[in-house]
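> return atomic coordinates for the entry below.
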Amino acid sequence: MTRTPTAQPAMPAGISVAVFDEIDSTMDEARRQLQAGADTPLWIVAAQQTKGRGRRSRAWQSVDGNLFCTLALKPDAAPARAATLSFLAAVAVADALESWVSPVADRPARLQCKWPNDILLDGRKIAGILLESEMAPGGGGLAWLTIGIGVNLATHPDVAERPAISLAGAGCPVPHPHELLSVMAVGFADWIVRWREDGFAPVKQAWLARAARLGQEIEVRLDKQTLHGIFSALDDSGALLLQQANGENIAVTAGDVFFPDL
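Okay, here's the model as predicted:
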């Protein structure tokens with residue numbers, strides 16, 4: 001693993017960044033840095049990953065020109081509260097991408113958040129988020145948490161069941177990954193201050209303002225069953241509320257969401 005000699009991304013005051021040409025995984029490097037006592041917040045970014053991963057250990061294609069990064073934090077929060085940082089991350093990523101996504105008359109909301117942790121561009125996945133954490137000794141809270149982010153800038157995978165897109169594929173300008181990270185880091189820093197001071201409520205409101213298929217029918221695949229219903233809201237923990245035909249809401253805390261028409 002070799003650090004790149006190129007200029008590092010610009011970071012807000014008090015936030016560090018480590019830059020690599022190639023690495024196994026920015027998530028794994030973040031864990032190593034934390035276990036070695038690194039100060040946080042700390043961003044890890046790499047031009048390429050050899051073992052990038054997404055949710056449920058799915059392989060994440062790591063092609064040069066896309067953004068692969070992880071934010072390492074010591075959030076000083078209970079695990080349930082810290083889990084809401086996935087929604088904060090989605091909002092921060094979508095906000096940052098707005099700088100390169102021009103509005104289109106028939107598509108006023110091009111960037112949307114898909115529960116639980118994807119960002120869509122024109123209805124297709126452009127970015128994914130993965131949270132990992134470790135409990136403090138004695139179980140008094142989290143010792144640390146990492147937020148891994150992959151954004152398709154120059155290229156995107158061809159996966160029929162989970163349609164993807166990149167900025168290039170959508171005909172948008174394509175920034176250098178470090179340029180996007182610099183913008184994103186500022187947004188993250190601002191949102192984390194709000195999250196610490198005001199809780200999940202403002203994050204939840206911002207996420208719902210971008211929520212894909214809110215008020216519409218969706219399919220949620222769990223480990224042993226598939227649910228259908230109307231995506232009616234998020235609860236205060238970030239669980240998806242799936243309204244049934246009888247009006248009852250089922251709270252879904254983990255699962256894969258699919259849209260019937262895709």
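> CA atoms for contacts and neighbours, from now on please.
Noted.
> how about the strand ranked longest in the chain: buried residues?
As assigned by DSSP state E, the longest strand anywhere in the chain is strand 124-135. Of all the residues in strand 124-135, those buried under the rule 16 or more other C-alpha atoms under 10 Å are Arg124, Lys125, Ile126, Ala127, Gly128, Ile129, Leu130, Leu131, Ser133.
> let's have those residues in CSV, adding distance to Arg213 and pLDDT.
As requested, the buried residues of strand 124-135 are arranged in CSV below (distance: C-alpha to C-alpha, whole Å; pLDDT from 0 to 100):
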residue, distance to Arg213, pLDDT
Arg124, 13, 95
Lys125, 14, 95
Ile126, 16, 97
Ala127, 17, 97
Gly128, 17, 95
Ile129, 19, 96
Leu130, 21, 95
Leu131, 23, 95
Ser133, 29, 93
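> closest one of those to Ala185?
Relative to Ala185, the closest of the buried residues of strand 124-135 is Ile129; by C-alpha to C-alpha it sits at 14.7 Å.
> report the contact partners of that closest one.
Gly54, Arg55, Ser86, Ala89, Ala90, Asn117, Asp118, Ile147, Gly148, Ile149, Gly150 (C-alpha atoms under 8 Å, 6 or more residues apart in numbering).
> tell me which of the residues you listed fall in helices.
Of the contacts of Ile129, the ones assigned to helices by DSSP state H are Ser86, Ala89, Ala90.
> rebuild the residues you listed as a markdown table, extending it with distance to Gln225, neighbour count and pLDDT.
Formatted as a markdown table, the ones in helices among the contacts of Ile129 follow (distance: C-alpha to C-alpha, whole Å; neighbours: other C-alpha atoms under 10 Å; pLDDT from 0 to 100):
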| residue | distance to Gln225 | neighbour count | pLDDT |
| --- | --- | --- | --- |
| Ser86 | 24 | 21 | 96 |
| Ala89 | 28 | 29 | 98 |
| Ala90 | 27 | 29 | 98 |
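> as a markdown table, those residues with distance to Arg162 would be great.
Compiled in a markdown table, the ones in helices among the contacts of Ile129 are given as follows (distance: C-alpha to C-alpha, whole Å):
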| residue | distance to Arg162 |
| --- | --- |
| Ser86 | 20 |
| Ala89 | 20 |
| Ala90 | 18 |
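> neighbours of Gly171, how many?
Per other C-alpha atoms under 10 Å, the neighbour tally for Gly171 reads 10.
> actually, Ala233.
For Ala233, the neighbour count with other C-alpha under 10 Å is 19.
> now Ala143
19.
> show me what contacts the nearest residue to it once chain neighbours are set aside?
Using C-alpha to C-alpha, 6 or more residues apart in numbering and skipping residues adjacent in sequence, the residue nearest Ala143 is Ala136, 4.2 Å away. Residues near Ala136 by C-alpha under 8 Å, 6+ apart: Leu142, Ala143, Trp144.
> recalculate using a threshold of 10 Å.
Ala136 sits next to Asp76, Leu142, Ala143, Trp144 when contact means C-alpha atoms under 10 Å, 6 or more residues apart in numbering.
> just send the residues you listed back as JSON lines, with pLDDT, secondary structure and distance to Ala96 too.
Formatted as JSON lines, those follow (pLDDT from 0 to 100; DSSP: H, G, I helix; E, B strand; the rest coil; distance: C-alpha to C-alpha, whole Å):
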{"residue": "Asp76", "pLDDT": "83", "secondary structure": "coil", "distance to Ala96": "26"}
{"residue": "Leu142", "pLDDT": "88", "secondary structure": "strand", "distance to Ala96": "28"}
{"residue": "Ala143", "pLDDT": "89", "secondary structure": "strand", "distance to Ala96": "28"}
{"residue": "Trp144", "pLDDT": "94", "secondary structure": "strand", "distance to Ala96": "25"}
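> in TSV, list the residues you listed along with distance to Ala154.
As requested, the contacts of Ala136 are exported to TSV (distance: C-alpha to C-alpha, whole Å):
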residue	distance to Ala154
Asp76	36
Leu142	35
Ala143	35
Trp144	32
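> nearest to Val101 among those residues?
Trp144 (33.2 Å).
> count of residues packed around the nearest residue to the closest one once chain neighbours are set aside?
Leaving aside its sequence neighbours, Trp144 sits nearest to Lys74 (C-alpha to C-alpha, 6+ apart; 4.5 Å). Applying other C-alpha under 10 Å, we find 17 residues neighbouring Lys74.
> appreciated, that's everything.
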